[in-house]
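**Student:** okay, sequence plus prediction incoming.
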Amino acid sequence: MDAKLFSKDGKESGTVTLPETVFNVAWNPNLVHEVVVGMQANAREGNAHTKDRSEVRGGGRKPWKQKGTGRARHGSRRSPIWTGGGVTFGPRNEKDFSVKINKKAKAKALASVLSKKLVDGEVFFVDTLAMEEPKTKDAKVTIANFAKGVGEDMIVNKRKNAALVVLAERNLATEKSFRNFGNIEVMQAKDINPVDLLTYKYVVVSDAPASVEVFEHRVTPAPKSK
């Protein structure tokens, strides 16, 4: 299957061949949901932490004697019912939120999302978006011309999560040029995942043939060794 290939200014410059194993996969919402939730869980750091009664300071001696005061008996100011005491059933940073995600499931989910976005007209293939030097001004002009050429003004007008620019390999000048855009993110083809693809409305694949080759390598299972 083939798709249109655009130049920097959004004009058609040819076609790019797309592997069906990547861009012609049936939409599987259940699998995608499972993988996305699993990846989000694995990204949790679990920083929230409360101290229980064994960790708070103070309370080394009994507040008052057991009997004869007319007040309720207490053994320590560390008790959770005291102000400044320990916390009962509070969040602890030793909790592990990670879940196991099968490699094949993750690869299939990636292909499923790419295929769905292609069908929805949210994936564009560009011969190159590489910048010779890091300049936000040039990047702004480039992406504006491209959006106008392909007829999708939301690529530049959408305030948040407008477009994910995918590079075949790292290009620091391009990354720095788009760094000041709050609605555009630049990533390498080897690093994108279903969460990234679903976060952004459009996917602009730069260096299309090379990037597509990386996609195909990622979703194709490695042969089993004998």
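**Tutor:** Received it, and whenever you're ready, just let me know what you need.
**Student:** can we go C-alpha only for contacts and neighbour counts from here?
**Tutor:** Fine.
**Student:** how about the longest helix along the chain: buried residues?
**Tutor:** In the chain, with assignment by DSSP state H, the single longest helix is helix 103-119. Residues of helix 103-119 classed as buried under the neighbour-count rule (16 or more other Cα atoms under 10 Å) are 106-118.
**Student:** contact partners of it?
**Tutor:** Helix 103-119 is contacted from outside by 21-28, 31-32, 35, 123, 193-194, 197-198, 202, 218-221, using Cα atoms under 8 Å, 6 or more residues apart in numbering.
**Student:** can you map out the helices along this protein?
**Tutor:** Using DSSP H, helices in the chain cover 20-23, 29-42, 103-119, 136-150, 154-157, 172-177, 194-199, 208-219.
**Student:** how close does the residue of the chain positioned farthest from its centre sit to His74?
**Tutor:** Centroid-distance maximum for the chain: Gly68 at 62.7 Å, with Cα atoms, centre = their mean. To His74, Gly68 is 13 Å away according to Cα to Cα, to the nearest Å.
**Student:** quick one on the thing from earlier: for the longest helix of the chain, C-alpha coordinates in PDB please.
**Tutor:** Backbone C-alpha positions of helix 103-119 (Å, rounded to 0.1, in the frame of the first residue of the first chain) are rendered in PDB as follows:
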ATOM      1  CA  LYS A 103       6.300  -7.500  23.700                       C
ATOM      2  CA  LYS A 104       4.000  -8.800  21.000                       C
ATOM      3  CA  ALA A 105       1.000  -7.100  22.600                       C
ATOM      4  CA  LYS A 106       2.900  -3.800  22.700                       C
ATOM      5  CA  ALA A 107       4.000  -4.100  19.100                       C
ATOM      6  CA  LYS A 108       0.500  -5.000  17.900                       C
ATOM      7  CA  ALA A 109      -1.000  -2.100  19.800                       C
ATOM      8  CA  LEU A 110       1.500   0.300  18.200                       C
ATOM      9  CA  ALA A 111       0.600  -1.000  14.700                       C
ATOM     10  CA  SER A 112      -3.100  -0.800  15.600                       C
ATOM     11  CA  VAL A 113      -2.900   2.900  16.600                       C
ATOM     12  CA  LEU A 114      -0.800   3.800  13.600                       C
ATOM     13  CA  SER A 115      -3.300   2.100  11.300                       C
ATOM     14  CA  LYS A 116      -6.200   3.800  12.900                       C
ATOM     15  CA  LYS A 117      -4.600   7.200  12.600                       C
ATOM     16  CA  LEU A 118      -3.800   6.600   9.000                       C
ATOM     17  CA  VAL A 119      -7.400   5.700   8.300                       C
END
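**Student:** now the end-to-end length of stretch 182-200.
**Tutor:** 12 Å.
**Student:** residues in contact with it: which ones?
**Tutor:** So stretch 182-200 is in contact with 32, 35-36, 39, 109-110, 113-114, 156, 158-170, 174-175, 178-179, 203, 211, 214-215, 218, going by Cα under 8 Å, 6+ apart.
**Student:** low-confidence ranges, this structure, go.
**Tutor:** The chain contains residues with pLDDT under 70 at 221-226.
**Student:** residue nearest the centroid of it?
**Tutor:** Asp196 (3.9 Å).
**Student:** that one and Asp120, how far apart?
**Tutor:** Applying Cα to Cα, the value for Asp196 to Asp120 is 17 Å.
**Student:** cheers, nothing more for now.
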